[in-house]
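In: pasting a predicted model and its sequence here:
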Amino acid sequence: AASIQNGSKTPKQTLPKTPKQTLPKTPTQTPSQTTRSGRTIKPVENFHSLQRSLALEALMKSNLLEDGKQTKSSSESESEEDPEISLKENKKPQQTTPVSKSKKSGSTNKKKKTWRESSSSESSGEEFTVKKKKRANIRTPLRTPLAPKNLKPTDVSTPCVVPLRDVSSKKESSYSVARTRLHVSAVPESLPCREEQFADIYYFLETKLEEKSGGCMYISGVPGTGKTATVRDVLTHISDGDFDYQMIEVNGMKLSDPKQLYSLIYRHLEGKKVTPDHGNLLLSEYFGRNEKKSIVLVVDELDLLWTRKQHVMYNLFDWPNRPNSKLVVIAIANTMDLPERMLMNKVASRLGLTRMTFQPYSHKQLLEIINSRLGGTAAFAPEACMLAARKVAAASGDARRALDICRHAIDIAEQEDAGTVTSLHIQRAITNMYQSAKTKAIINCTLYQKIFLKSVLGVFRRKGVEEAVFKEVYEVFCSLCQFQGIFCPPCGSMLHLCMELGSCRILLVEQGPPTLHTHIRLNCAQDDVVFALKEGST
């Protein structure tokens, strides 16, 4: 009580602390870990140390790859020491610091990098060193090494290839020689049976080039009569002279639009690309000037350059008639009466009086052409050539068709191992070429269908283009019916008949509802139709 009154505190009695008894930790043996490279890493005690060791391993691999890229493949690399990468465990987690960077004396300039890995469970780290494999000193050659000079055929393990000259030096058979000479693309030394036409064209061109004046010549004839081949033969002989001229050849089938003729001619003259309308103006100025050099323009398939207003044909035939023009135009077409039927009077007058017509070949002329191509080879019997010439002359007179029949007969004779081509082989070739499925279908057509096909052929030959309109075909059909004295069906019935021929794929009919302006084309060669109509009438 006295102590409380005096305000003094009594000290607390504290018990002495007894030391805690700690049990000794028994070390747990965990299995050792092995990396992909084959190294064993000391086992870790907790998750963090395991994570640090995996990160260290990934860092080690990336540094190895970077050092591998920086090494150079040279002869000096063999004398250098291999770089060592030491990994040590540090107490700081997830930190890698380079310890030493040294440069070697001499030719080596490579760096050494050392990393230490810390571990919370161990006071002393364990060092890992990885040595890189030496690279083989192999260089890729800049080019393929040459073969040894003293190489013998016996030293080569693979069989030797026979040189091309040894194969070509072998003697060719008579059939292969005849097949090559009878090909349409083979150009003979001279064109038989066209000597008169050759002389007229040559005289016309020679006169115009000597006078240095302009002119126009119109050449017509059915296909396969040698029009283009004769003109090219004339130009070949003209080029051997002392004439100064420039030759330009244009094919109407290669032009998608007739107006592209202007662009094509100007590009040949000046070497510049222009639009068709601009080219028309430039050509009008060009042919109005007094040029020093003459120009020979060959226009093949003139029928395809026809337009409704006929501006292209008018300009084509008007340029040679200008005062200072030195343009010579040679126009080739399949239609004989093209100026009278398709061209206006102002265009027909520009053509002048220089015209030439190539008639179809007779059987004697075709026989002469075949014999001149064969050149004395014993591949054909005389009666075989005569049979091919007569068959083609009776159908169309096309020399290309006669050459094709002879080449097909050679293939049949070779299959049978025959010594020569006989008339039997020619007959089989004609049967295979003419009597196809479409030809047999035409032979079995009705009377009105055959007359309609004749009308289609008549329109094609009159226009020179293998495309017609139903209205034009029906007009020719009515005239043929009146000539034969039979009833002419109405237009609607003939439209239905035309669609039937189209469904049989004998004709190609324009898609859509059938009208008078429906376009019609043949789905086979004209010679096949002529042959089938003649066979069906007998």
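Out: In hand now; what should we look at? Numbers count the residues shown, from 1 in each chain.
In: who are the packing partners of the strand or helix carrying Asp404?
Out: With secondary structure defined by DSSP states H and E, Asp404 is part of helix 399-415. In terms of contacts (3 or more Cβ pairs under 8 Å, 6 or more residues apart in numbering; DSSP states H and E), helix 399-415 is packed against helix 174-181, helix 363-374, helix 382-395, helix 423-434. C-beta: built from backbone N, CA, C; applies to glycine.
In: for it, give the mean pLDDT please.
Out: In this model, helix 399-415 has a mean pLDDT of 91.
In: export that helix to PDB, keeping only CA atoms.
Out: Once non-C-alpha atoms are left out, helix 399-415 reads as follows in PDB (Å, rounded to 0.1, in the frame of the first residue of the first chain):
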ATOM      1  CA  ALA A 399      -3.100 -28.500-152.500                       C
ATOM      2  CA  ARG A 400      -2.700 -28.600-148.700                       C
ATOM      3  CA  ARG A 401      -5.400 -31.300-148.400                       C
ATOM      4  CA  ALA A 402      -3.500 -33.400-151.000                       C
ATOM      5  CA  LEU A 403      -0.300 -33.200-149.000                       C
ATOM      6  CA  ASP A 404      -2.100 -34.100-145.800                       C
ATOM      7  CA  ILE A 405      -3.600 -37.200-147.400                       C
ATOM      8  CA  CYS A 406      -0.200 -38.400-148.600                       C
ATOM      9  CA  ARG A 407       1.400 -37.800-145.200                       C
ATOM     10  CA  HIS A 408      -1.400 -39.800-143.500                       C
ATOM     11  CA  ALA A 409      -0.900 -42.600-146.000                       C
ATOM     12  CA  ILE A 410       2.800 -42.800-145.100                       C
ATOM     13  CA  ASP A 411       1.800 -43.400-141.400                       C
ATOM     14  CA  ILE A 412      -0.500 -46.200-142.400                       C
ATOM     15  CA  ALA A 413       2.200 -47.900-144.600                       C
ATOM     16  CA  GLU A 414       4.700 -47.700-141.800                       C
ATOM     17  CA  GLN A 415       2.300 -49.400-139.400                       C
END
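In: and Val456, how far is that from Leu480?
Out: Val456 sits 11 Å away from Leu480, going by Cβ to Cβ, to the nearest Å.
In: show me which of these two is the more surrounded one.
Out: Taking other Cβ atoms under 10 Å, Val456 and Leu480 do not tie; Val456 has more neighbours (26 against 15).
In: hang on, that one packs against Cys524?
Out: No - between Val456 and Cys524 there is no contact under Cβ atoms under 8 Å: 11.4 Å.
In: name the SS class of the closest residue to Thr354 other than its chain neighbours, please.
Out: If you skip the residues right next to it in sequence, Thr354 has Met217 as its closest partner in space, 4.6 Å away by Cβ to Cβ, 6 or more residues apart in numbering. Following DSSP: H, G, I helix; E, B strand; the rest coil, the label given to Met217 is strand.
In: picking that back up, can I get the helices and strands packed on helix 399-415 in CSV with mean neighbour count?
Out: Formatted as CSV, the helices and strands packed on helix 399-415 follow (neighbours: other Cβ atoms under 10 Å):
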stretch, mean neighbour count
helix 174-181, 17
helix 363-374, 19
helix 382-395, 20
helix 423-434, 19
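In: quick one: these as a markdown table, columns for mean pLDDT and distance to Cys406 too.
Out: Formatted as a markdown table, the helices and strands packed on helix 399-415 follow (pLDDT from 0 to 100; distance: least, Cβ to Cβ, whole Å):
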| stretch | mean pLDDT | distance to Cys406 |
| --- | --- | --- |
| helix 174-181 | 88 | 8 |
| helix 363-374 | 92 | 6 |
| helix 382-395 | 90 | 6 |
| helix 423-434 | 87 | 8 |
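In: for Val530, which of those helices is the nearest?
Out: Smallest distance to Val530 across the helices and strands packed on helix 399-415 (Cβ to Cβ): 5.2 Å, for helix 382-395.
In: for that closest one, name the packing helices and strands.
Out: Under the contact rule (3+ Cβ pairs under 8 Å, 6+ apart), helix 382-395 is packed against helix 363-374, helix 399-415, helix 423-434, helix 526-537.
In: buried set for the second one?
Out: Neighbour-count burial for helix 399-415, with 16 or more other Cβ atoms under 10 Å as criterion, is recorded at 399, 401-410, 412-413.
In: partners of Val421 in the sheet?
Out: According to DSSP bridges, the partner residues bridging Val421 are Phe380.
In: give me the distance between it and Ala199.
Out: Note on Val421: its distance to Ala199, by Cβ to Cβ, is 35 Å.
In: the more surrounded of the two?
Out: Relative neighbour count places Val421 above the other of Val421 and Ala199, with 25 against 11, counting by other Cβ under 10 Å.
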